[in-house]
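J.: mind folding the following:
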Amino acid sequence: MNQPLIHRFSSRTHRLDRTLLTEYLQQARRYHRIAGYFTSSLFEIAAEYLEGIEDIRIVCNSDVRSEDVKVAKVHESKLLGRLNTMPVEAEVLLNKPRYQWLYQFLNRHPNAIRVAPDDFCGFVHGKAGVIELRDGRQIGFIGSMNETRSGWQEHYEIVWADESPEGIAWIQAEFDALWAKAVPLPRVIVQEMGRRAHRVEIQIEDDETDQENLAPAALVESPMYREGLSLEPWQRAFVAECIKHLRWHGVVRLLIADEVGLGKTLSLGTAMLALTLLHEQEVTQGRANGRRRPIVIFAPATLTEQWQTEMIDKLGLACARWSSQKKVWLDPEGRAISPSGPEQIVRCPLRIGIISTGLIIQPTREKELLSHVNFEVLILDESHKARTKRGLGKDAGEPNALLHFMIEAAGRSKHVLIATATPIQTEVDDLWDQLRILHQGDGRFVLGSDFSPWQYSQEAVPVITGREQIDDEEIAWRFLRSPLPPLESSDESDFRRVMHEIRGELGIKDREFDITAPIVKLPRAVRDDIEDLLDREREGMRFFQRHNPVVRHVVLRKRKVLEEAGLLQRVGVDLHPNQELSRDPNAFAILFRRRALRTDEAFDSAYEAADAFGRAYGQSGKKAGFMKNLLKQRLCSSWVAGLNTARKLLEGQAMEDESEYESDQILDISSAEQEALQALISALEQMQGEDPKLKAVKHYLVQENWRQHGCIIFSQYYDTAAWVAEQLAALFPDQLIGLYAGAGKSALFRGPQDRNSAERKTLKTLVEEQAIKIMVATDAACEGLNLQRLGTLINIDLPWNPTRLEQRIGRIKRFGQTRPNVDMLNLVYQDTVDETIYERLSERMRDRFDLFGSLPDTIEDEWIENIEILDEKLDEYINAQKRVNGFDIRYNANLDAAEDEWRNCAKVLSRQSVDTLMRNGW
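T.: Numbering: from 1, shown residues only. Next up, the predicted model:
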């Protein structure tokens, strides 16, 4: 009796693409296959044999874990990121036919491919499959060969083919087990195959790319999209809003006021890129002036590095950052790329320059030089700091230095985009300072003519808030006619019809928005239509609550609305310290008194000395007001930061503020201040045992088991962050500890002795692969960091900027977080100003979903000195967010959770051309 044959093939002795397997594939009706990674070359050679097979199932590696599969976006982004490991430009050009065939195959066989989670099977190294012929015969095979050109024709491969029932059954059982655990190939992968199959690279000057598609063409292969991420719907909608305003007015004047954590930086950066490319397209096509003007981003000192990091890491845009201390332009790695000197600030070597608003607050040489520069795009972050002076002094009612400068700079700028994180419903009057910036120069349409009631907040605010209803026809016409709303600024059909009637009857052109004619010039029928329109309510709001310059030029979206719409993952936050949530209440009581850490006499003496230094400095009448509280803030971060700061001050070193101001002056320390510094240093040098904050960090990582979930530890000061990383490396010598900091300061630790420099991208990858379970980070880097792999967060210090807390928790409270609730520990020392602030904040943090986005951006000094005012201000901000307003109707109605159409953009703008354009200096 003949035994079933085992066929042995080696690429050394056979052409593997001409063996028994290919003969079987040509006659097959069923093909089940365990393959390697899913790549575009999966069927490179075997494709021709698969056309007629009815039942095709292939299971692949994925680099995806089971928890990723639970969250579709993470699952998709991991697979897309894997596909993009090779440079797409050359790879697609070389293999376009392959993509075309694969796209067609996947559309015909949408369920043919599944991917297996790594934690179930690890790397699928074994390759095997079963082929069943139309006549019922079967063959199983095992080997190292994939269906790729290299696998079939080039590499050394071995394959055993087995026709025995036992061998076939065994291979089928292995396949079935993997198939059962695997998940379908996401649709976005199929879409990416289609995009590559039709990909065409275009240049900026090409006529075929319209306004709406230019931004997708520039960004679809940016670092963010190559990593499998994408812009959120509201971020893409902001870019679309900019394009609308460009079409209406020829220039863009917008304030984005989205709540904290919704990615305003990326919204602004993408809009900036789109506007720049559109201007360049007009120049190359001869439709605009050929001058290339500078692009500038003004932001508080703490945010300049975040801006630079986000632009290069996400959008692939190289930006230069001005160093106020060194007087040079720096690249994203902190390297000087210009000569030194104040005059270099107007000679930025790149198209985009990032400058601290601290230079504008102080009377600096750089400020004087910048006052003569004309900008293509001007971006101002934290714009609410540009405002009219309050109070009763002689300067009350006058613009502060930042507002004065920005009003003038906006007048010299084509496009002006500004951003605030402050809830704007609390002090609606403050908006008029922002609108005055937008109204300058080419933006004279924002508030209408000099006689328009919109120019005056005391007239406009009661109308916008609904406190006053306008029933008089003449008064209503004053509000409506200047500025007359653009026809397309609303989806309300009656609104569009009436605006069309007004323009037609009075002969108003599309880009004219100021009507001087009285209402009696309109026919009675049109006046009746206007009256009906003004009387009609929507969602409880009258016409001027829905249609006004504020709603048109301010974009505001709320986290809660986006969560309820399913656009934003809703993740709870459990706040600590909380004895009720502690595993060991006794250990908790040793560490904490209520919500604050217990301290010893040495620390208390040091804090008294820091307070004495601040009082002495405040009484001296010196400039650089941030110094009054700087020592106290750094001591509240850690004893290390406090000690380092005190020593620098005594040595007369220049102090660099890490808040919103800039100061590079050598401070003249008085005898009283010197005495306080020496007392602080002496007290800290006598501290016994471990710092209380370090004890608490160890307790939560070990006793509370936060290390298992992964932990990100934030500090606003590099001194503190580096110290914590070093201490944890000694505590966990067998683990990698990451330090994610500013340019050139990121590092990896293993044990107390080993420290290596590390790129930010490397650290993010190691967290994603779960090789790093503990990451320490500074605020300078937190904006561009997505760490949903980690489930807990420790704030080693409390920034006197509550929105920073929201930015920090946003690193893990984001899509891809598999824990329904994440844990956040806030550490403050007892009997310090930090404890006072945190007590007030924590009372309002009980609603784990609604708080974020509802806090003021900064805790003012006078609030701290009067607890009743602090309570009142916090409640004001929180309550303001609960009101429905015209922003909710205008900017949330058209948002949906549909797929990112930008990702399907097949006409791709050459990355090289974009990079070349952005490397044109000022």
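J.: scan this structure for its longest strand.
T.: strand 28-37 (DSSP state E).
J.: how far away from the center of its chain is that strand?
T.: In terms of C-alpha atoms, centre = their mean, to the nearest Å, the centre of strand 28-37 is found 41 Å from the chain centre.
J.: need the helix or strand of this structure with the lowest average pLDDT.
T.: helix 66-70 (a mean of 38; mean pLDDT, DSSP states H and E).
J.: so where do the helices sit in the stretch 501-650 of the chain?
T.: For the stretch 501-650 of the chain, the helices defined by DSSP state H, counting those that start in this stretch cover 524-535, 543-546, 549-553, 559-564, 585-591, 601-619, 627-637, 639-650.
J.: mind checking which of those helices is nearest Ser338?
T.: helix 639-650 (26.9 Å; C-beta to C-beta). To be clear about C-beta, it is placed using only N, CA and C from the backbone, and glycine gets the same treatment.
J.: give the buried residues for the helix or strand just after the closest one.
T.: Toward the C-terminal end, the helix or strand that comes next after helix 639-650 (DSSP states H and E) is helix 671-685. Buried positions in helix 671-685, judged by neighbour count with 16 or more other C-beta atoms under 10 Å: 673, 676-677, 679-681, 683-684.
J.: Ile58: which of those is nearest?
T.: Leu684 (63.9 Å).
J.: so what's the residue count around the closest residue to Leu480 other than its chain neighbours?
T.: What sits nearest to Leu480 in space, not counting adjacent residues and going by C-beta to C-beta, 6 or more residues apart in numbering, is Ile530, at 7.2 Å. Residues within reach of Ile530, counting by other C-beta atoms under 10 Å, total 21.
J.: before we move on, the earlier item: with distance to Gly397 added, can I get the helices of the stretch 501-650 of the chain in a markdown table?
T.: Output for the helices of the stretch 501-650 of the chain, formatted as a markdown table (distance: least, C-beta to C-beta, whole Å):
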| stretch | distance to Gly397 |
| --- | --- |
| helix 524-535 | 33 |
| helix 543-546 | 26 |
| helix 549-553 | 21 |
| helix 559-564 | 35 |
| helix 585-591 | 50 |
| helix 601-619 | 26 |
| helix 627-637 | 26 |
| helix 639-650 | 37 |
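J.: which residue is nearest the middle of this structure?
T.: Gly263 (4.0 Å; C-alpha atoms, centre = their mean).
J.: element containing the nearest residue to that one once chain neighbours are set aside, please.
T.: Nearest non-adjacent residue to Gly263, counting by C-beta to C-beta, 6+ apart: Gln235, 5.6 Å away. Using DSSP H and E, Gln235 maps to helix 233-249.
J.: tell me which residues of that helix are tucked away?
T.: Those would be 233-246, 248-249, for helix 233-249 by 16+ other C-beta under 10 Å.
J.: give the other helices and strands that that helix contacts.
T.: helix 211-219, strand 253-256, helix 264-284, helix 886-892 (3 or more C-beta pairs under 8 Å, 6 or more residues apart in numbering; DSSP states H and E).
J.: try it again with 7 Å
T.: helix 211-219, strand 253-256, helix 264-284 (3 or more C-beta pairs under 7 Å, 6 or more residues apart in numbering; DSSP states H and E).
J.: what angle do that helix and helix 211-219 make?
T.: In this structure, helix 233-249 runs at an angle of 130 degrees to helix 211-219, with axes from the mean of the first three to the mean of the last three C-alpha atoms, to 10 degrees as the basis.
J.: report the angle between the axes of helix 233-249 and helix 264-284?
T.: 40 degrees.
J.: quick one: mean pLDDT over helix 233-249.
T.: Averaging pLDDT along helix 233-249 gives 94.
J.: and that helix, C-alpha only, in PDB?
T.: Once non-C-alpha atoms are left out, helix 233-249 reads as follows in PDB (Å, rounded to 0.1, in the frame of the first residue of the first chain):
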ATOM      1  CA  PRO A 233     -13.100  65.900  13.400                       C
ATOM      2  CA  TRP A 234     -13.200  69.300  15.200                       C
ATOM      3  CA  GLN A 235      -9.500  70.000  14.200                       C
ATOM      4  CA  ARG A 236     -10.300  69.300  10.600                       C
ATOM      5  CA  ALA A 237     -13.400  71.500  11.000                       C
ATOM      6  CA  PHE A 238     -11.300  74.400  12.200                       C
ATOM      7  CA  VAL A 239      -9.200  74.200   9.100                       C
ATOM      8  CA  ALA A 240     -12.400  74.100   7.000                       C
ATOM      9  CA  GLU A 241     -13.600  77.200   8.900                       C
ATOM     10  CA  CYS A 242     -10.400  79.000   8.000                       C
ATOM     11  CA  ILE A 243     -10.900  78.200   4.400                       C
ATOM     12  CA  LYS A 244     -14.500  79.500   4.500                       C
ATOM     13  CA  HIS A 245     -13.300  82.800   6.000                       C
ATOM     14  CA  LEU A 246     -10.600  83.100   3.400                       C
ATOM     15  CA  ARG A 247     -13.300  82.700   0.700                       C
ATOM     16  CA  TRP A 248     -15.600  85.200   2.400                       C
ATOM     17  CA  HIS A 249     -13.000  87.900   3.400                       C
END
